[in-house]
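1. Mind folding the following:
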Amino acid sequence: MNKTEMRSPKLFTIESSDRDELSGYFSERVSKVAISPVSKASSVTISAAVVPIGSAVAFQTKIPGGARFRQAEDLDGFFLFLPADDGRAIWKVGSKEVVCDHTAGYLGRMNETDTMDCVGQWGHMAVKVPYDQITRTLSHLLDQPIVGALEFDPAVDLTTAPAKALSSMVRLALTPVDGEAFLSTSPVAAAQFSESLTLLLLESFRHTYTDTLSNGAYTLKPKHVKRAIDYMRENAGSALTLQEIAAAAGVSVRALHYGFKKFLGESPFEHLRQVRLEAAYADLTQAPESVSIAEIAKKWGFANPGRFALLCKRCYGHTPSEIRQMKARPKR
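-> A predicted model of the protein is given here:
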């Protein structure tokens with residue numbers, strides 16, 4: 001057996017050829033599962049990293065020789081798998097079979113005895129999102145209770161723009177900074193990631209409520225938009241949810257979300273990101289030198305320093321370090 005494991009407050013990694021150890025690792029951090037070789041003559045070796053992000057879990061694996069994952073309990077949520085290597089995986093979920101490769105991912109639930117067979121050199125990024133988290137957001141978007149089961153079309157076309165956006169989000173969640181999963185150490189960033197991921201799944205990937213979600217009128221007056229923006233500015237440093245912003249504006253989540261799209265051409269969270277970027281810019285020009293750029297980025301929910309620098313450059317024409325150097329010096 002060759003095994004190494006590293007723990008930080010939020011990041012867990014493992015490399016092992018012990019199937020019991022691997023099964024225990026995934027069962028403890030993702031969901032209860034039994035891992036075995038894809039054939040009796042082969043062994044199984046897996047390297048993996050798991051990042052808890054609030055109630056969601058992001059993880060990535062590399063399986064050079066294939067493996068079978070057999071679900072040992074009904075999953076109370078959805079798996080999103082985004083392949084990253086040239087092998088293929090076969091999901092057997094109930095009576096359905098879904099085959100995935102570098103062009104197609106998987107989005108759906110897995111129940112006890114369902115399996116995923118990884119064939120060849122396989123690797124993927126993935127996220128497990130709790131069922132109640134997605135249905136709660138869907139209920140708010142519909143402005144009515146969810147009375148039937150929510151199911152997604154399982155096949156994900158990785159060549160589409162929404163799938164590429166998903167890949168970027170999950171990759172960001174899994175990117176460590178100085179050995180830690182930076183995203184999960186920032187409550188503001190973790191909350192925004194969770195909300196943004198859920199909205200992207202519900203709005204861009206077909207499911208049982210897609211037609212209902214796309215129908216129906218929504219109304220939002222400019223004064224409600226202003227109330228929402230004022231609330232964002234006053235609470236930009238907190239882990240805000242759509243429900244909190246909508247309540248402050250005096251409208252439903254559905255009206256808030258689609259109203260922002262109508263009046264501003266962007267979602268509430270896209271606007272909130274801009275509000276937080278403005279607050280970070282102010283800190284860069286006013287905070288003492290003892291406060292690092294990384295601390296400022298984390299404070300305002302920007303999980304990746306490179307992404308933060310890119311946003312500053314795009315919006316203000318300068319990187320964070322350049323903005324800090326431009327601070328007005330006190331007059332003598």
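2. What's the first helix or strand after the one helix or strand in the chain whose mean pLDDT sits lowest?
-> One helix or strand of the chain scores below all others by mean pLDDT, DSSP states H and E: strand 4-7, with a mean of 41. For strand 4-7, the following helix or strand on the C-terminal side (DSSP states H and E) is strand 12-16.
3. For that following strand, C-alpha coordinates in PDB please.
-> Once non-C-alpha atoms are left out, strand 12-16 reads as follows in PDB (Å, rounded to 0.1, in the frame of the first residue of the first chain):
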ATOM      1  CA  PHE A  12      -8.400  16.500   2.900                       C
ATOM      2  CA  THR A  13      -6.200  14.500   0.400                       C
ATOM      3  CA  ILE A  14      -5.400  10.900   0.000                       C
ATOM      4  CA  GLU A  15      -3.500   8.500  -2.200                       C
ATOM      5  CA  SER A  16      -4.000   4.800  -1.500                       C
END
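4. how near is the residue nearest to residue 207 when sequence neighbours are not counted to residue 77?
-> Leaving aside its sequence neighbours, residue 207 sits nearest to residue 152 (CB to CB, 6 or more residues apart in numbering; 4.5 Å). C-beta: built from backbone N, CA, C; applies to glycine. Counting by CB to CB, to the nearest Å, the gap between residue 152 and residue 77 amounts to 12 Å.
5. List the residues that contact residue 198.
-> Contact analysis of residue 198 by CB atoms under 8 Å, 6 or more residues apart in numbering lists 129, 133-134, 137.
6. again but with residue 28, I slipped
-> Per CB under 8 Å, 6+ apart, neighbours of residue 28: none.
7. Does it lie in a helix or a strand, and which?
-> Using DSSP H and E, residue 28 sits in helix 19-29.
8. what's the following helix or strand after that helix?
-> Moving toward the C-terminus from helix 19-29, the next helix or strand (DSSP H and E) is strand 33-36.
9. Give me the sheet partners of that next one and which way each runs.
-> Using DSSP bridges, strand 33-36 pairs in its sheet with strand 67-71 (antiparallel).
10. any idea how far the helix or strand following the partner strand is from the chain center?
-> Sequence order places strand 77-83 as the next helix or strand after strand 67-71, per DSSP H and E. In terms of CA atoms, centre = their mean, to the nearest Å, the centre of strand 77-83 is set 11 Å apart from its chain centre.
11. ok so, going back, which one of the contacts of residue 198 sits closest to residue 22?
-> Nearest to residue 22 out of the contacts of residue 198 is residue 129 (CB to CB; 22.7 Å).
12. Test my guess that residue 47 contacts residue 65.
-> No - judged on CB atoms under 8 Å, residue 47 makes no contact with residue 65 at a distance of 11.8 Å.
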